[in-house]
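[1] The sequence and its predicted three-dimensional model are supplied below.
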Amino acid sequence: MTVTITDDRVTCEICGHTSHSILDHIREVHNMSVEDYLADHPKAATVSAAALDLLEETGGRRSAAPVATDLTAKVMGIKLPVDAAVSPEHCLPLPDGYRFPTKGKAKTAFVRAVMAIARRRNAFIWGMPGTGKDALVHALSATLRIPVVMVTFRPGTDLGPWFYVRSIDESGTGWDLGHLYTALTEGIEGRDGKRRAPLVLLSDVDRADSAQAEWFRILTDSISGRILGPDGQMVNLFKDDWGNKPVFVCTANSCGSGDARGRMASANPMDASILDRLGRKIEASYLHWEDENTVLRGKYPRLAEVAPECFDQLGNATVALRKAIENEEIYAEFTHRGICEVLSECDDLVEFSSRVPSNLLKKGFKAWLDGLDEDSRMGAKRLIDAHISGGAFSHSEDDEEEGYDFE
């Protein structure tokens with residue numbers, strides 16, 4: 001049977017561009033009016049018959065776009081408003097390939113976090129590295145246009161300039177107010193001229209050193225609605241036209257008691273009186289593998305095409321490794337970042353090899369395994385062996401050298 005394919009689109013007589021309507025094309029590309037175009041090309045079609053038929057069927061009716069103040073987005077089934085007047089530069093960027101969890105413990109935890117943030121309630125989100133604690137706030141800020149001020153606690157960093165520092169000029173001494181203090185007391189201005197109360201993301205709060213802890217205490221004291229000013233007086237936090245005050249979201253790798261496993265050496269025990277002020281406590285979990293698999297396939301489309309079996313094998317190995325890590329059988333972390341390093345090495349091998357190696361995932365896992373101590377590496381290899389193809393890992397002291405086929 002012969003199959004005939006017809007193209008109902010019209011063609012621009014000037015450049016050969018085809019479309020169901022070339023009206024905009026004529027004006028924008030050739031800087032001509034439709035009348036001038038038809039004068040140069042009499043009887044030339046500008047709209048296809050299919051487009052005209054559809055126009056006749058619908059009666060020319062078009063749905064009106066919602067006004068900017070009525071924009072909404074659904075996040076894990078929750079319908080939330082989008083503040084289009086907030087500039088993107090005042091929001092956190094959307095993480096690469098981000099996907100809100102759709103199942104498992106991760107969804108349960110993050111639904112609670114989304115409800116808290118949507119109702120502008122303070123929250124303390126803690127969990128293992130790579131469970132997406134900060135990423136959730138980034139995604140909500142980017143999706144809903146929530147203005148955010150972020151403070152990351154790194155030992156040794158002076159947080160004073162974020163609040164206020166002494167200044168000297170020709171008129172004498174004074175104070176230079178930092179971005180964080182200004183945002184808390186004056187809000188962040190939107191493109192409509194109105195100021196919004198920001199969300200304050202305090203990242204890795206359990207890593208605060210003694211000097212930072214004093215600033216942290218000032219911030220937690222401000223949760224009650226006031227903050228200590230540079231002159232020693234209490235200043236009210238900003239309250240916007242919608243009655244909102246700044247909301248605080250803290251993230252940490254431990255629940256405030258320090259890391260009992262000893263993996264996060266900089267995670268310190270936190271003052272119980274401070275913890276009590278941090279709002280709703282939420283323990284984050286790793287993504288369900290079906291969600292994580294979808295994200296990874298999106299990040300590595302070539303691997304998904306040429307070696308799709310790698311992702312199922314990687315999923316089984318990931319579940320086994322994380323269970324062993326949780327039970328403290330292996331002294332390591334296997335986070336989303338670690339998985340990406342494994343797949344990045346696999347992708348590099350595909351790029352430079354003449355064919356897809358049969359032991360591709362085994363070779364790729366070296367990107368993570370080579371960062372472990374000998375005992376942990378041996379235990380991890382035994383777990384991975386059961387789930388990947390390409391031959392067993394060598395457990396001897398000196399692994400055999402494996403060649404690379406780049407010819």
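    Alright, I've got the coordinates. Numbering: from 1, shown residues only.
[2] what's the next secondary structure element after the least confident helix or strand in the chain by mean pLDDT?
    Sorted by mean pLDDT, DSSP states H and E, the helices and strands of the chain end with helix 49-58, the least confident at a mean of 80. Per DSSP states H and E, the first helix or strand lying C-terminal to helix 49-58 is strand 72-75.
[3] what helices or strands is that following strand leaning on?
    Judged by 3 or more Cβ pairs under 8 Å, 6 or more residues apart in numbering; DSSP states H and E, strand 72-75 is in contact with strand 78-81, helix 133-144. For every residue, glycine as well, the C-beta is placed using N, CA and C.
[4] Secondary structure element holding Ala116?
    Per DSSP H and E: helix 104-118 holds Ala116.
[5] which outside residues touch that helix?
    Here helix 104-118 makes contact (Cβ atoms under 8 Å, 6 or more residues apart in numbering) with 75-78, 80, 100-101, 122-123, 125, 127, 131-132, 136-137, 140, 146, 199, 247, 249, 279-280, 282-288, 291.
[6] who does the helix or strand just after that helix pair up with?
    As assigned by DSSP H and E, the chain's next helix or strand after helix 104-118 is strand 123-126. Strand 123-126 has the following strand partners under DSSP bridges: strand 247-252 (parallel), strand 280-283 (parallel).
[7] And the first one, what's buried?
    By 16 or more other Cβ atoms under 10 Å, the buried positions in strand 247-252 come out as 247-252.
[8] could I get the residues you listed as a markdown table with pLDDT and distance to Arg191?
    Below are these laid out as a markdown table (pLDDT from 0 to 100; distance: Cβ to Cβ, whole Å):
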| residue | pLDDT | distance to Arg191 |
| --- | --- | --- |
| Val247 | 94 | 21 |
| Phe248 | 94 | 25 |
| Val249 | 96 | 24 |
| Cys250 | 94 | 29 |
| Thr251 | 95 | 29 |
| Ala252 | 93 | 34 |
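[9] and the angle for the helix holding Ala116 with strand 247-252?
    On the basis of axes from the mean of the first three to the mean of the last three Cα atoms, to 10 degrees, helix 104-118 is oriented at 150 degrees to strand 247-252.
[10] did I read that right, Lys239 in a helix?
    No: Lys239 sits outside any helix when classified using DSSP: H, G, I helix; E, B strand; the rest coil, being coil.
[11] which residues does it contact?
    Listed by Cβ under 8 Å, 6+ apart, the contact partners of Lys239 are 197, 245.
[12] Please work out which of the helices and strands packed on strand 72-75 is packed deepest.
    Of all the helices and strands packed on strand 72-75, helix 133-144 carries the top mean neighbour count, a mean of 22, counting by mean count of other Cβ atoms under 10 Å.
[13] tell me what the helix or strand following that one is packed against?
    Heading C-terminal from helix 133-144, the first helix or strand you meet, by DSSP H and E, is strand 148-152. When contacts are defined as 3+ Cβ pairs under 8 Å, 6+ apart, strand 148-152 packs onto helix 179-186, strand 199-203.
[14] what's the closest of the ones you listed to Ile227?
    Ranking the helices and strands packed on strand 148-152 by their distance to Ile227 (criterion: Cβ to Cβ) puts helix 179-186 first, at 5.8 Å.
[15] Please name every helix or strand in contact with that closest one.
    If contacts are counted by 3+ Cβ pairs under 8 Å, 6+ apart, helix 179-186 sits against strand 148-152, helix 160-163, strand 199-203, strand 226-228.
[16] Ala252 contacts Asp206, doesn't it?
    Yes: counting by Cβ atoms under 8 Å, Ala252 touches Asp206, with 4.0 Å between them.
[17] picking that back up, tell me which of the strands paired with strand 123-126 lies nearest to Leu38.
    strand 247-252 (58.9 Å).
[18] Show me how far the closest one is from its chain's centre.
    Remark: strand 247-252 is offset 16 Å from the chain centroid, using Cα atoms, centre = their mean, to the nearest Å.
[19] repeat for stretch 209-221
    27 Å.
[20] residues of it that come out buried?
    Applying 16+ other Cβ under 10 Å to stretch 209-221 flags 212-213, 215-217, 219-220 as buried.
[21] list the contacts for the residue most central in space within the chain?
    When Cα atoms, centre = their mean is applied to the chain, the residue found nearest the centroid is Pro95 (2.7 Å). Residues near Pro95 by Cβ under 8 Å, 6+ apart: 135, 138-139.
[22] swap in Gly229?
    164, 235.
[23] pLDDT value on the residue with the largest distance to the centre of the chain, please?
    When distances are taken from the C-alpha mean of the chain, Pro42 lies farthest, 53.9 Å away, according to Cα atoms, centre = their mean. The per-residue pLDDT reported for Pro42 equals 88.
[24] before we move on, what about Asp204?
    pLDDT at Asp204 comes out at 91.
[25] ok, the closest residue to it other than its chain neighbours - how many residues close by?
    Distance criterion Cβ to Cβ, 6 or more residues apart in numbering; nearest residue to Asp204, sequence neighbours excluded, is Phe153 at 4.8 Å. Neighbours of Phe153 under the rule other Cβ atoms under 10 Å: 23.
[26] Phe153 touches Ser203, doesn't it?
    Yes: using Cβ under 8 Å, Phe153 makes contact with Ser203 at a distance of 6.8 Å.
[27] Return every residue with contacts to both of the two.
    With Cβ under 8 Å, 6+ apart, Phe153 and Ser203 have no common neighbours.
[28] how far out from the middle of the chain is the helix holding Ala116?
    So, by Cα atoms, centre = their mean, the centroid of helix 104-118 is 15 Å from its chain's centroid.
[29] mean confidence score for it?
    According to the model, helix 104-118 has a mean pLDDT of 96.
[30] That helix relative to helix 133-144, how many degrees between them?
    50 degrees.
[31] So which bits of helix 104-118 are buried?
    If you call a residue buried by 16+ other Cβ under 10 Å, then helix 104-118 has these buried ones: 104-107, 109-118.
[32] Can you add distance to Val319 and give those back as TSV?
    Listed next are the buried residues of helix 104-118 as TSV, based on distance: Cβ to Cβ, whole Å:
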residue	distance to Val319
Gly104	11
Lys105	13
Ala106	14
Lys107	17
Ala109	18
Phe110	20
Val111	22
Arg112	24
Ala113	24
Val114	26
Met115	28
Ala116	29
Ile117	29
Ala118	31
